[in-house]
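# structure for this input, please:
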Amino acid sequence: MSHRLIVCDVETTGLIQGVHVALEIAALDTATGEEMYIAPRVDPYAWQRADPVAMSINRYFERRVYEHIVPMSDEANLAHRLGEMLAGNTLGGSNPRFDLEMVRAFLDRHEVETEPHHRLADLSAYAAGVLDLDPTELPGLAEVCRRVGLATAPDHTAMQDARVTWRCFKALREIRAGVRQVIA
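The predicted structure is shown next:
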């Protein structure tokens, strides 16, 4: 059975599941090219628990992400579409375990049950194998970009980082195939 790779990235109010929430969710179906972007509604209480460092990094207010929040009924439809996109497919990302936890919390809010493939495609682990790096020293997205020679670095926006992550996966495949060089 073949699984499609769905690259996902999530920007959040912080790093603790159950405390922090998703501010942006981006998913990219690498087989079809379909992209999905969601700026979920944020409960006012969530702002009280937001990590100032996370908010500084993702620049939510400076980028005016709140202008992209859709009405509740549209958000529910997007949640169902995202659940369908993920169902049975491999979720990939630069931190897919974290992203999946945050996506699940968003989907639970809309009572969407979905189950991606049980294995995740972790860009850092894949890069460590392809680039012969110590598996205890996994590189972040910016470092993977540098090592594969991508001029575009992550910018901590969900859609751009999902696109950059997919470009890194493709570049790593090219390195494995011997058609691209590693940058030291």
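# can you spell out the domain ranges of the chain, please?
5-109, 122-177 (automatic domain parsing).
# dump those into TSV; add mean neighbour count as well.
For every residue, glycine as well, the C-beta is placed using N, CA and C. Output for those, formatted as TSV (neighbours: other CB atoms under 10 Å):
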stretch	mean neighbour count
domain 5-109	17
domain 122-177	17
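# quick one, which of the ones you listed is nearest to Pro116?
domain 5-109 (4.5 Å; CB to CB).
# any stretches of this protein with poor pLDDT?
For the chain, applying pLDDT under 70 flags the ranges 1.
# make it 80
1, 153-154, 184 (pLDDT under 80).
# where do the helices sit along it?
Counting by DSSP state H, the chain has these helices, from start to end: 44-48, 52-58, 72-86, 96-109, 123-130, 141-148, 158-177.
# just send the domains of the chain back as CSV, with distance to Ala184 too.
Output for the domains of the chain, formatted as CSV (distance: least, CB to CB, whole Å):
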stretch, distance to Ala184
domain 5-109, 21
domain 122-177, 8
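# on that earlier part again, just put the helices of the chain in TSV and tack on distance to Thr13.
Shown next, in TSV, are the helices of the chain (distance: least, CB to CB, whole Å):
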stretch	distance to Thr13
helix 44-48	6
helix 52-58	6
helix 72-86	17
helix 96-109	10
helix 123-130	23
helix 141-148	20
helix 158-177	13
